[in-house]
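Trainee: Make a model of this:
(one chain, ligands or ions: 4)
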Amino acid sequence: MLGYATCSLCEASCGLEVEHDGQNVESIRGDSHDPFSRGHLCPKALGLKDIHEDPNRVLYPMKRVDGRLVRTTWEDALSLVARRFAEIQRRHGKDAIGMYGGNPLGHSYAGTLGFVLFHAVVGSKNRYSATSVDALPRLFATYHLYGNQALLPVPDLARTDYLLMLGANPMVSNGSIMTAPGIKQRIRELRGRGAKLVVVDPRRTETAAEADEHVFIRPGSDAFFLLGMLSAIFEAGLEKPGRLAEFTDGLAELRSVARRFPPERVAAACGIPAEKIRQLAADFASAERAACYGRLGTSTQRFGALASWLFEALNVVTGNLDREGGMMFNTPAVDLASLAAMIGLKGSYAKFRSRVRKLPEFAQELPVAAFAEEMDTPGEGQIRGLITVAGNPALSLPNGPRVDQALESLDFMVSVDIYINETSRHADVILPTTFGLERDDYPLLASSMGVRNYARYASALLTPKGDLKSDWDVLTGLSAQILEARGGAGSVAAKVMRGLFSVLKPKHVLGLLLRLGHHKLKLEDLGEHGIDLGPLEQRLPRALQTPNKRIDLAPTALVADVARLDRELAERVNTERPYSLIGRRNLRSNNSWMHNSERLVKGRERCTLLVHPVDAAQIGVVSGGKARISSRVGSIEVQVEVSDELMPGVVSLPHGYGHGRKGARLDVAARYAGVSINEITDDQVIDELAGTSHLNGIPVSLEAIAPTKSA
Ligand SMILES: Nc1nc2c(c(=O)[nH]1)N[C@H]1C(S)=C(S)[C@@H](COP(=O)(O)OP(=O)(O)OC[C@H]3O[C@@H](n4cnc5c(=O)[nH]c(N)nc54)[C@H](O)[C@@H]3O)O[C@H]1N2
Ligand SMILES: Nc1nc2c(c(=O)[nH]1)N[C@H]1C(S)=C(S)[C@@H](COP(=O)(O)OP(=O)(O)OC[C@H]3O[C@@H](n4cnc5c(=O)[nH]c(N)nc54)[C@H](O)[C@@H]3O)O[C@H]1N2
Ligand code: SF4
Ligand SMILES: [Mo]
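Mentor: Ligands and ions are numbered 1, 2, ... in the order given. Purely as a prediction, here's the structure:
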């Protein structure tokens, strides 16, 4: 039979048409009646079928007995976890339990809500997530400028005349903090009507190949570039904030900061000639409708927060925020910003700090740079018990080997996961969940970042195999058990919670949120294919959530961090580690997983180090040869692919590899193991302001190792 679903594998959230019999999938096609994704699909969608059928999926709860994971019942597994967590917190305090939420959690609306509730029950400061190796600096900036981390402007692709894109590769990532299914088509439409796309990236990416212009930039230097642009705009009197000036503070202060960084002063640091910076500034400022959009490359680097602030500022100064064709806030069916504010997650900064290195909290989370040291440094408040939900920190976080060892040293660990991956192999208990077509779906986060307003709800299509529970049921069930294990008032709270969640399902919560939302919808209104809720609309100043309901264009913390930038301008090239390492993504891969689908991973080796021909000649390596790449943290050996896509001096390696570890159960992935870039990324270097790890622009040395031929 035919059923309709949403792909939960990435932010694009494409509508799917699925031929199935309730147990298994026959075929998956793009849903051409979905008004937003219009039938688009990428190769990963078939991964939904593969994951459902994967013989390596964990199908029953498991616990460790005599060193081996064996099948158990849900009752046993949940009560074991609750007892151990309650005991650890009783003996060592609340913060002795750590929590890590992975990226796929953000693609499950019920899992997201369940995790928030679970955190409230556990009450530990040691909450971590993939956010601090991802969008944290951007959220940091929007929280400071607009008063809520969820107020994230997206480029109005359909109406812009000039899109300046920094550190993003949507042609491969399918768009991030810019939900735009079928991005390739959208970009072609944009250019087809005469609008211009300019990509600024240290690599000539798949997206750069579709652009009018590609500008190389030295990794980690976007803040310099953007200050140079702003300086040139102010110098030429090209600023025109228009109506934004009526509700924006800090314009004069921003001007005085920017004027200290004229293009000539920053050109060498970013590797872009001063005339080019001036020209881009003039083009951007004089375009009828322009949008400057930055993503992962501008976040996970040494000045991530500054770069994120400055590109928002560029949009404001040129009057391109909150206007058609510029960067706009969408009007989602569920008002995520209000919801975040209601549950205390609109943002906060440095309200508390980590125990060992005193790193600042953001939105009640500590940066993952502190994760390993909080587990492996003895003392009061040390993490002794851990829960990971839909995550793989052993491969995803900087200094992976240290994370890996720290996981092994815990007193007790539980993973809510669908696989025994490189992380959950350390767990004492695995709580396996439903996934993809086995659960209902509403793209809660994605729909508030859409380049058009839309809403789509899909029911579960497939009966899960084995004995699985949803992320929501696991997290709410565990919450009640923990309260009960604490005894006293906890038992009463547990009873109330159980009663509530026996009738209140995620779907009911969603129904309520839709009714309270901007469009006052009912679930039934969304139909089978989702509904279009119109183009992006002006939302300021009403949507602002800063205390004075005005944009703060010169937040104190950000302005103060400019001093760090000033200092680095004077810094010389690192002669010991002269190369700069950046990451890269692949269309058929998804962070550290989906490598267990043969159809997605087969073919040529993808975990290769891209090296510029000049650099390759210098160290004496050719394509297919091997190089050793070393950082402060360690050394790895990788296969080399010589490519002039890169700026000389920059090398690129994808993340998410390094499979085949003992105890993991990923048979296909083990055959395409690759090496983990995070064995050489550093947990000790962060964007000191936001706390994000550097995953791009890591100083490394390179040497050829056999077999090499002379070039
Ligand atoms: N060097 C370097 N490191 C990086 C990056 C980089 O660019 N360079 N990128 C970073 C970014 S942006 C991110 S988001 C992180 C991702 O890092 P993580 O979020 O830690 O890990 P993922 O690779 O997304 O793995 C998620 C795991 O969740 C499980 N899973 C999948 N779906 C579900 C589900 O619905 N329920 C449950 N319970 N489990 C599920 C799978 O087994 C999978 O192994 O990696 C970061 N690490
Ligand atoms: N197929 C696929 N899709 C994915 C994922 C995946 O793993 N595979 N992961 C998903 C996730 S979790 C995320 S967060 C998104 C990320 O989505 P994007 O941000 O669109 O994707 P990336 O490929 O990480 O793009 C980052 C770009 O920044 C460039 N870069 C590196 N350093 C710098 C710098 O200092 N300055 C500038 N200007 N550029 C720099 C890199 O060369 C790269 O092209 O993708 C999502 N979509
Ligand atoms: S683009 Fe993303 S949402 Fe669309 S089919 Fe591919 S993985 Fe799924
Ligand atoms: Mo991410």
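Trainee: low-confidence ranges in the protein?
Mentor: 572-573, 706-711 (pLDDT under 70).
Trainee: quick one: the residue positioned nearest the centre of it from S693, how far?
Mentor: Centroid check for the chain by Cα atoms, centre = their mean gives D134 as the closest residue, at 4.1 Å. Distance of D134 to S693, given as Cβ to Cβ, to the nearest Å: 10 Å. For glycine as for every other residue, the C-beta is placed from the backbone atoms N, C-alpha and C.
Trainee: Residues of the stretch 501-650 of the chain that sit close to ligand 2?
Mentor: Taking Cβ under 6 Å from any ligand atom as the contact definition, the stretch 501-650 of the chain meets ligand 2 at I582, R585, N586, L587, S589, N590, N591.
Trainee: give me every residue that touches the third one.
Mentor: Contacts were defined as Cβ atoms under 8 Å, 6 or more residues apart in numbering; by that measure N586 touches V172, R606, P654.
Trainee: Now the first one: which helix or strand?
Mentor: Right, the one you point to is V172. Using DSSP states H and E, V172 sits in helix 170-173.
Trainee: so how far is that helix from its chain's centroid?
Mentor: How far helix 170-173 lies from its chain's middle: 14 Å, per Cα atoms, centre = their mean, to the nearest Å.
Trainee: Report whether it contacts ligand 3.
Mentor: No - figure legend: helix 170-173 not in contact with ligand 3 (Cβ under 6 Å from any ligand atom); closest approach 8.9 Å.
Trainee: what does stretch 184-195 give?
Mentor: No - figure legend: stretch 184-195 not in contact with ligand 3 (Cβ under 6 Å from any ligand atom); closest approach 10.2 Å.
Trainee: Can you give the contact residues for that stretch?
Mentor: Against stretch 184-195 from outside (Cβ under 8 Å, 6+ apart): 38, 40, 157-158, 160-163, 170-171, 180, 197, 207, 210, 212, 451.
Trainee: make it 6 Å
Mentor: L157, T160, D161, A180, E210 (Cβ atoms under 6 Å, 6 or more residues apart in numbering).
Trainee: And for stretch 687-702?
Mentor: 132-133, 136-137, 140, 219-220, 297, 300-302, 304-305, 359-360, 367, 369, 398, 561, 574, 577, 579-583, 619, 627, 629-631, 681, 685-686.
Trainee: tell me which residues of the next helix or strand after the helix holding V172 are tucked away?
Mentor: Next helix or strand after helix 170-173 toward the C-terminus (DSSP H and E): helix 183-192. Across helix 183-192, burial judged by 16 or more other Cβ atoms under 10 Å covers I183, K184, R186, I187, L190.
Trainee: Helix 183-192 close to ligand 2?
Mentor: No - Helix 183-192 is not in contact with ligand 2 by Cβ under 6 Å from any ligand atom; minimum separation 9.4 Å.
Trainee: Start the count at 100 instead of 1 going forward.
Mentor: Got it, first residue is 100 now, which makes that one helix 282-291.
Trainee: Return the distance of that helix from the chain's centre.
Mentor: Worked out by Cα atoms, centre = their mean, helix 282-291 lies 24 Å from the chain centre.
Trainee: just the residues of the stretch 450-599 of the chain that are near ligand 1, which are they?
Mentor: So far as Cβ under 6 Å from any ligand atom goes, the stretch 450-599 of the chain lies against ligand 1 at 488-492, 495, 515-518, 520, 532, 534, 570.
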